[in-house]
Structures are given as structure tokens and as C-alpha cells.
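Trainee: With the input below, show me the fold.
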Amino acid sequence: MHMTVADAYFREVLDRLRENLDASTVDLWLGKARVTAFDGDTITIAAENEFKKNTVINRYLDRLEDGFETAAGKRLKVLINSRDELNEEENRIFSSASLPAVKPEEPKKDEAPSVFRGYTFENFVVGSSNKVAQSACLAVATNPVIRINPLFLYGPSGLGKTHLLFATVNEAKRQNQNINILYVTGEQFTNEIIDAITAKNTAEFRDKYRNTDMLLVDDIQFIAGKVVVQEEFFHTFDTLYKMQKQIVLTSDKPPKDINPLEERLKTRFEMGLIADIQPPETELRTAIFKQKTKTLGLNIPNDVLTYLAENIKSNVRQIEGAVKKLWAQSFITNEKITLKMAQNVLTDYFRECKPVITTETIFKQLEKRYGISKEEMTGKKRTADIVYVRHIAIYLIHESTDLSLKKIGRLFDRDHSTIISARDNVMKRMKSDTLFNKEITEIIEELENR
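Mentor: All right, here's what the predicted structure looks like:
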């Protein structure tokens with residue numbers, strides 16, 4: 001059965017959904033959906049029936065749009081209809097279309113779950129910016145608990161933390177096929193404990209998390225500010241640690257900067273090894289491009305690789321998107337990939353890679369980082385922690401948006417002079433306080449690379 005570019009995109013999107021959602025849930029609503037039209041800018045997905053169509057639109061449309069943007073290397077318009085709405089020709093396409101994804105096969109006893117298998121230490125490109133993190137994960141996978149426990153990885157999004165977690169799972173399974181490994185995201189852990197409390201089955205939840213040989217939690221910063229979740233994770237951590245079970249955590253920042261997070265958790269996160277992953281240098285980015293092109297079976301000239309590496313400097317996921325965009329162009333037009341072709345195809349992509357920073361994205365990023373809500377930032381409370389974040393918000397909005405000082409004043413319900421004073425205080429402190437300057441720089445990078 002022939003697979004089109006659109007079918008390949010859809011498969012990838014659903015595979016990514018399975019990484020973040022329960023696979024059976026994805027299969028229930030989208031397992032029998034098909035791509036029925038794709039014109040390069042708009043992709044049409046037909047759900048099995050009207051009920052599933054409405055569920056997909058209400059629950060999963062945003063995730064599908066984000067997934068297709070990653071797969072296609074640009075934002076696509078995603079239309080959802082149902083098979084009941086298709087005409088005769090569209091029904092023929094539906095019936096003959098390639099399956100969007102195959103439900104993951106049951107892994108053999110000596111294999112990791114299928115979603116993990118593509119991530120290995122062999123295909124993780126190592127450089128000075130990630131060498132310590134890679135070596136630490138390999139040590140953990142080879143000899144759990146013996147050398148490092150817990151292992152805490154941190155760094156901006158898109159630099160390979162999740163790849164290293166999956167590679168750790170694969171290698172640990174290769175070394176010991178009977179090892180019991182549990183991988184979750186911080187969001188998944190949070191949702192599961194909330195569901196367990198609601199359903200009054202916390203005993204089952206604890207049995208799941210405290211009877212594993214290796215627990216890996218991606219984006220542990222998600223539990224910040226959630227008192228009940230932190231309490232449960234503290235006891236889970238302590239139980240596993242005392243039983244000499246391996247714990248691996250990742251975050252977008254080091255433990256000391258995760259706020260609000262209980263001090264006892266910060267202390268425990270710092271008990272083992274903390275390893276950071278920095279944006280890759282030019283040589284490493286070029287090597288990552290080569291690895292991506294090898295995976296896709298592409299032969300890209302060195303001058304094109306250099307061009308790509310010079311234009312994408314921070315987020316490795318953008319590298320993957322750029323390569324796939326070149327692949328799609330070459331596949332559709334049968335055009336050879338050259339520097340000129342890459343420059344023509346990717347000019348808009350590079351522009352799209354720089355997201356527009358708005359007041360709302362700034363408020364959301366600061367709330368995520370500090371646990372202070374937009375209402376508190378723009379409100380009347382003047383406690384030290386709120387004023388600190390409020391001033392940063394004012395500075396970032398002034399520097400990153402086109403709002404005038406007068407409009408910023410209205411946003412915060414403060415007069416013109418107060419806004420100027422807050423902005424100037426941040427600018428002055430950035431010049432005199434190296435750590436504060438680094439903090440503001442990190443926030444800006446997070447906003448640009450989200």
C-alpha cells in the first residue's frame with residue numbers, strides 16, 4: 001500500500017502523541033482515521049464517524065496542529081471531518097489510504113517499548129555541550145545505582161534530554177531484560193496522582209511507582225507549585241532511594257531554580273549528579289544534521305549542512321524540522337538538494353522558527369518558572385517575591401513586544417513613572433548582578449525556543 005508524504009506525516013504525528021498520551025486512547029479516537037487530502041498547506045483528516053470527529057476536534061486538534069508543524073517543518077491547517085461526510089471519490093481515498101499508524105507491537109522480553117527503540121546512545125551525537133550528560137546516562141544504564149543516584153539532567157527544551165532518557169531505557173534493557181523500568185513525564189505523574197486521589201485508589205498508584213527498579217521522570221519541574229503532588233513525589237523518591245532503586249530526572253533548569261519547589265525535594269534532587277545540556281556548538285549541530293540526514297536516507301552536501309548549522313543555533317528539534325522540509329521538497333519535486341534550493345525552501349522556515357513573543361507568552365513563561373500567576377503580577381500585592389517577578393515581567397514586555405510604556409502601565413494598572421522605574425531597576429541590576437543577568441538571559445532564551 002503506497003504511503004504519501006501526508007501519510008508519513010500523520011504516522012509521525014500519532015507516534016509522537018503516543019509518547020505523551022495513552023496509546024490505547026490515541027488508537028481509540030484516531031486509529032482508523034485517514035488522510036483524505038493534502039495540498040501542501042492544508043491537510044484533511046477523516047475520522048471514522050461523526051462522534052469521533054467531534055471528540056478529535058474538541059480534545060486533540062491543537063495537539064495535531066503542533067504535531068504536523070513538527071513533522072512538516074511548517075504550520076499546516078488541519079481540517080477534521082468524518083467518513084459520513086465524504087463523497088464517493090473521498091470515500092475511495094479513505095478506503096485505500098495508508099494506515100496512519102500501526103498500534104505498537106508487544107515488545108519482546110529483551111526489548112524496550114517500541115516508542116523508545118529509535119533512541120539509542122549510538123545515534124545520540126556527542127559534543128562538549130552534552131558529553132557529561134551522555135556519559136552519566138550510559139553509566140546509569142550500565143550499572144544502575146552503583147555509580148550515580150539520582151541523576152538529574154537539565155537544559156533548554158529540544159537539546160536531547162528525552163533522547164538520553166530513552167537511550168538509558170534501551171541500554172538498561174539490553175543489559176538486563178528483566179529490569180522493571182517506568183518512564184513518565186512530570187505532567188503524567190501529576191495527572192495520575194490527581195486521578196488516584198479522586199478515585200480513592202492511591203494504594204494502586206503507590207504500588208505502581210514504588211515497585212520499579214528504575215524510575216525516569218521527564219520535565220520534573222511540572223510538579224512545582226503543586227503541594228499534594230510534591231508530597232507524593234517526595235515519599236516515592238524516598239522509598240525508591242532507600243530501596244536502592246535508580247532515579248533519573250530531567251528539567252529545564254537546575255533544582256535550585258525550580259520554584260516554588262519544597263526545599264527537601266531540591267536537597268534530594270542534588271544528592272547525586274547534576275549534569276547540564278547546553279545548546280550545541282556549530283560543529284555539533286553539523287554532526288546532528290548528518291545523523292538526521294542519514295536516518296532519512298538523504299545525501300546533503302557539506303555546504304548545505306553548514307548553512308543549516310549557522311541558521312539553527314539552539315533547538316535541536318528545529319534541525320529535525322529543517323531536514324524533513326528539505327526531504328519533502330526533494331521528494332515532491334524530485335529536485336536535488338543544493339545550497340540554493342535550501343536557501344529558497346528554508347528562508348520562511350527560519351523566520352517561522354522565531355516565535356512571536358506576546359504579553360501572554362511572557363506571563364505564562366514567568367508563571368511556569370516562578371509559580372506567580374498573571375493576576376498576582378498585575379495585581380496590588382507587594383510581597384517581595386511578587387514584586388521581583390512583576391518587575392521582570394514589565395522589563396520583558398517592554399523589551400520583547402511593541403507595547404508602549406503607557407499601554408504597559410494600563411496592563412499593570414500602574415502609572416507611567418512606576419513602569420519606567422521597574423524597567424530601569426531590572427536593567428540596572430542586570431549590569432551589576434551576573435547571576436541575575438544570566439537568569440534574565442535564560443528566560444529570554446526560553447521564550448525564543450518554546
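
Trainee: Give me the distance between the closest residue to A141 other than its chain neighbours and F124.
Mentor: The spatially closest residue to A141, leaving aside those adjacent along the chain, is E171, at 3.6 Å (CB to CB, 6 or more residues apart in numbering). Using the backbone N, CA and C atoms, a C-beta is placed for each residue, glycine as well. Using CB to CB, to the nearest Å, E171 is found at 11 Å from F124.

Trainee: Now K325: closest residue in space, sequence neighbours ignored.
Mentor: Leaving aside its sequence neighbours, K325 sits nearest to G73 (CB to CB, 6+ apart; 3.2 Å).

Trainee: how about the strands of this structure, start to end?
Mentor: Counting by DSSP state E, one finds strands in the chain at the ranges 34-38, 42-47, 77-82, 151-154, 181-185, 214-218, 246-251, 273-276.

Trainee: looking at those strands, which is closest to F233?
Mentor: Minimum separation from F233 across these (CB to CB) falls at strand 214-218, 8.1 Å.

Trainee: Could you tell me which residues within that closest one count as buried?
Mentor: With burial defined by 16 or more other CB atoms under 10 Å, the residues of strand 214-218 counted as buried are M214, L215, L216, V217, D218.

Trainee: Counting by contacts, list what that strand packs against.
Mentor: Secondary-structure packing of strand 214-218 (3 or more CB pairs under 8 Å, 6 or more residues apart in numbering; DSSP states H and E): helix 161-175, strand 181-185, helix 186-199, strand 246-251.

Trainee: swap the cut-off to 10 Å and go again
Mentor: Contact here means 3 or more CB pairs under 10 Å, 6 or more residues apart in numbering; DSSP states H and E; on that basis strand 214-218 packs against helix 131-142, helix 161-175, strand 181-185, helix 186-199, helix 227-242, strand 246-251.

Trainee: Next up, the contacts around the residue lying closest to Q134 once chain neighbours are set aside.
Mentor: Setting aside the residues directly before and after it, Q134 is nearest to V126 in space (CB to CB, 6+ apart), at 5.1 Å. If you count contacts by CB atoms under 10 Å, 6 or more residues apart in numbering, V126 has them with A133, Q134, S135, G160, L284, A287.

Trainee: show me what contacts the residue nearest to the fifth one when sequence neighbours are not counted?
Mentor: When the adjacent residues along the chain are set aside, L284 lies closest to G127, with 3.3 Å between them (CB to CB, 6+ apart). For G127, the contacting residues are Q134, Q278, P280, E281, T282, E283, L284, R285, A287, I288, by CB under 10 Å, 6+ apart.

Trainee: Any chance of TSV for these, columns neighbour count, distance to T267 and pLDDT?
Mentor: Supplementary listing: those in TSV, determined by neighbours: other CB atoms under 10 Å; distance: CB to CB, whole Å; pLDDT from 0 to 100:
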residue	neighbour count	distance to T267	pLDDT
Q134	21	26	95
Q278	15	25	83
P280	25	31	77
E281	14	33	77
T282	12	38	76
E283	11	37	80
L284	20	33	81
R285	26	36	79
A287	17	37	83
I288	23	35	80
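
Trainee: and the two most separated of these?
Mentor: Using CB to CB, the two most remote members of those are Q134 and T282, lying 18.8 Å apart.

Trainee: related to what we said a few turns ago, could you tell me the per-residue confidence at the residue nearest to Q134?
Mentor: Predicted confidence (pLDDT) for V126: 91.

Trainee: picking up where we left off before, just give me the closest of the buried residues of strand 214-218 to A8.
Mentor: Within the set of those, D218 lies nearest A8; the separation is 25.7 Å, counting by CB to CB.

Trainee: Pretty sure that closest one sits against G160.
Mentor: No. Taking contacts as CB atoms under 10 Å, D218 lies outside contact range of G160: 11.9 Å.

Trainee: who touches both of the two?
Mentor: When contacts are counted by CB under 10 Å, 6+ apart, D218 and G160 have L153 as shared neighbours.

Trainee: hmm, back to that, identify the farthest-apart pair in the contacts of V126.
Mentor: Top of the distance list for those (CB to CB): S135 and A287, 17.1 Å.

Trainee: Need the residues touching each of E171 and F124.
Mentor: Here E171 and F124 share the contacting residues C137, L138, scored by CB under 10 Å, 6+ apart.

Trainee: partner residues bridging L249?
Mentor: Beta-bridge pairing of L249, defined through DSSP bridges, involves F152, V217.

Trainee: Give me the neighbour count for it.
Mentor: For L249, the neighbour count with other CB atoms under 10 Å is 26.

Trainee: and if you look at R268?
Mentor: Residues contacting R268 under the criterion other CB under 10 Å number 20.

Trainee: my read: it touches Y241, true?
Mentor: Yes. Using CB under 10 Å, R268 is in contact with Y241, at 7.4 Å.

Trainee: any common contacting residues for the two?
Mentor: For the pair R268 and Y241, residues contacting each of them under the criterion CB under 10 Å, 6+ apart are P150, I247.
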